[in-house]
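Participant: quick check, what structure comes out for this input:
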Amino acid sequence: QVQLVESGGGLVQPGGSLRLACVASGIIPSGHLIGWYRQAPGRQCESVATIAVTGGGTAYEPSVKGRFSIARDVAKNTVYLEMNNLRPDDTAMYYCTTGGALLSISESCGKGYDNWGRGTQVTVSS
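Facilitator: Okay, the predicted model is just below:
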């Protein structure tokens, strides 16, 4: 199993930036995706951004496109989520996961399932 640990969350003012990191221990299969999900209280667990382990192809949820950027550092076995121009509605717990297919909506945020991290809190508020 792959262990995933997120970091980099915090409190930031609207318009500010944060960079989240997801460090993976263990081998992620070459055909897999690595993704960032988020869940705010009372809302669904939704995919924010994904990146392919092989080739590095990316995809974004429409509300974050142009503001967020996902990237990987293969040597460090780390995936980053650069978040710019943050808005209050970006406030959520952010989770890292990996799998062969990652859906836009999941039931797995915060459940402690295999191949999911424990999350890092992002709060956007003045």
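Participant: check contacts around Ala52.
Facilitator: 32-33, 58 (Cβ atoms under 8 Å, 6 or more residues apart in numbering). (Each C-beta comes from the backbone N, C-alpha and C, glycine too.)
Participant: and for Glu61?
Facilitator: 46-49, 104.
Participant: ok, now with 7 Å
Facilitator: 46-49 (Cβ atoms under 7 Å, 6 or more residues apart in numbering).
Participant: Ser17 is in contact with Leu81, isn't it?
Facilitator: No: at 11.0 Å, Ser17 and Leu81 do not qualify as touching, with contact defined as Cβ atoms under 7 Å.
Participant: which element, helix or strand, includes the closest residue to Trp116 other than its chain neighbours?
Facilitator: Nearest residue to Trp116 in three dimensions, chain neighbours excluded: Thr97, at 4.8 Å (Cβ to Cβ, 6 or more residues apart in numbering). Per DSSP states H and E, Thr97 falls inside strand 92-99.
Participant: which neighbouring elements make contact with that strand?
Facilitator: strand 3-7, strand 33-39, strand 120-124 (3 or more Cβ pairs under 7 Å, 6 or more residues apart in numbering; DSSP states H and E).
Participant: hmm, back to that, surely the residue nearest to Trp116 meets Gly35?
Facilitator: Yes: the pair Thr97 and Gly35 passes the contact test of Cβ under 7 Å, sitting 5.5 Å apart.
Participant: quick check: of the contacts of Glu61, which lies closest to Gln13?
Facilitator: Val48 (20.0 Å; Cβ to Cβ).
Participant: how about the contacts made by the closest one?
Facilitator: 36-38, 61, 64, 68.
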